[in-house]
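J.: below: sequence and its predicted model.
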Amino acid sequence: MMSSSDITGILDNSKELDRLRKEQEDILLEINRLHKKLQTAPEVVEKPGDNSLARLKILYTQAKDLSDSEAQISSLLINQLDTLLPSGQGQPRRRIGKGKEGNEQKRKRVKTESDISRMSNLKGEQVAARVTPRNADKDEWFVVKVIHFDKESKEVEVLDEEPGDDEEGSGQRQYKLPMGNIIPFPKSNDPSGAPDFPPGSHVLAVYPGTTALYKATVVHGHRKRKTDDYVLEFDDDEEDGSLPQRTVPFHKVVALPEGHRQ
């Protein structure tokens, strides 16, 4: 049965989606203004003190980050609705998609190109990575640093800078992982541009004091707190018969991957 909290969560995410799109529209307008300026007078960039190109780069970066956030919130909304729909009611949407193979292939191609562009910009960044294969009994996610992205093989080379005690030896460990095993973290200096997962949402978050990520439930979102932290309850984190509430920075929380096993 659908509860008021379910409806509230969907409405909150819908509002967030609307906000992200409006921000993107504003940025697009400014990008277009700059484009027009540069087309009309390209020589302006050679003048001392002109920051047109630097400003354009910042705008493109903001547009990309907003687009990534929009994709995360859209996926979360789809998961919320699929959970609430009666069994089988979500099937027609999938059958319709199969009938439009051309559009489906186009969407997949655009998404792949977007993912490749995003991965190319992550060198040196910390990301969340699933280091276990698809057929593993459970998924293990760690904070790692991106070393290199191979556009041909679409593999991401990452470094686990703090391997656990059970690792062989004490050195750092490298992995080559497919793009689907990588989730970028929100920018730590941009709380307003990060997804705002509402209370009750399931997320993947870095457990305090570790570099491992686990499934958790949002108790309090980060935008309503002055510290920009989430308050979370981690699955299987029981103490004295209850789940303790843990504080986690917003930039260490990402959307829960579909089909996550823990």
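T.: Yep, it's here. Numbering: from 1, shown residues only.

J.: list the buried residues in the lengthiest helix in the chain.
T.: When the chain is parsed with DSSP state H, its longest helix is helix 4-40. For helix 4-40, a neighbour-count test (16 or more other Cβ atoms under 10 Å) marks 9-10, 12-13, 16-17, 19-20, 23-24, 27, 31 as buried. All C-beta spots, glycine's among them, are computed from the backbone N, C-alpha and C.

J.: do stretch 203-216 as well
T.: Applying 16+ other Cβ under 10 Å to stretch 203-216 flags 203-207, 211, 213-216 as buried.

J.: helices of this protein, start to end?
T.: According to DSSP H, the helices that the chain contains are 4-40, 52-84, 91-99, 101-120.

J.: of the ones you listed, which is nearest Trp141?
T.: helix 52-84 (15.7 Å; Cβ to Cβ).

J.: now the closest one against helix 4-40, angle please.
T.: Counting by axes from the mean of the first three to the mean of the last three Cα atoms, to 10 degrees, helix 52-84 lies at 160 degrees to helix 4-40.

J.: where does this protein dip in pLDDT?
T.: 1-5, 83-115, 163-171, 224-226 (pLDDT under 70).

J.: that one - how does it break down into domains?
T.: Residue ranges for each domain of the chain read 1-78, 120-184, 191-255, as given by the TED database.

J.: re earlier: between the helices of the chain, which one is nearest to Val248?
T.: Nearest of the helices of the chain (Cβ to Cβ): helix 52-84, 16.5 Å.

J.: what comes up buried for that closest one?
T.: Neighbour-count burial for helix 52-84 flags 52, 56, 59, 62-63, 65-66, 68-73, 76-77, 80, 84 (criterion: 16+ other Cβ under 10 Å).

J.: if we can go back for a sec, want to throw the helices of the chain into CSV with distance to Glu157?
T.: What follows is the helices of the chain, written out as CSV (distance: least, Cβ to Cβ, whole Å):
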stretch, distance to Glu157
helix 4-40, 31
helix 52-84, 21
helix 91-99, 34
helix 101-120, 11
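
J.: hmm, who's touching stretch 128-144?
T.: Outside stretch 128-144, the residues that touch it by Cβ atoms under 8 Å, 6 or more residues apart in numbering are 126-127, 156, 158-162, 175, 177, 181-185, 204, 206, 211-214, 252, 254, 257, 260-262.

J.: among these, name the ones in strands.
T.: By the criterion of DSSP state E, membership of the contacts of stretch 128-144 in strands covers 126-127, 156, 158-160, 175, 177, 182-184, 204, 206, 212-214, 254.

J.: so how do I select the buried members of these in PyMOL?
T.: A single PyMOL command selects the buried members of the ones in strands among the contacts of stretch 128-144 (16+ other Cβ under 10 Å):
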select buried, resi 126+127+156+158+159+160+175+177+182+183+184+204+206+213+214+254
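
J.: residues contacting the nearest residue to Asp228 once chain neighbours are set aside?
T.: Nearest residue to Asp228, sequence neighbours excluded (Cβ to Cβ, 6 or more residues apart in numbering): Pro191, at 4.5 Å. Pro191 sits next to 222-223, 228, 250 when contact means Cβ under 8 Å, 6+ apart.

J.: identify, from those, the entry nearest to Leu243.
T.: Nearest member of the contacts of Pro191 to Leu243, counting by Cβ to Cβ, is His222, at 19.1 Å.

J.: gap between that closest one and Asp229?
T.: 6 Å (Cβ to Cβ, to the nearest Å).

J.: now Pro184
T.: Counting by Cβ to Cβ, the gap from Pro184 to Asp229 is 19 Å.

J.: hmm, back to that, so what sits against both of His222 and Asp229?
T.: Common neighbours of His222 and Asp229 (Cβ under 8 Å, 6+ apart) are Phe250.

J.: so the two - more neighbours on which side?
T.: Per other Cβ atoms under 10 Å, whichever of His222 and Asp229 has more neighbours is His222, with 22 against 19.
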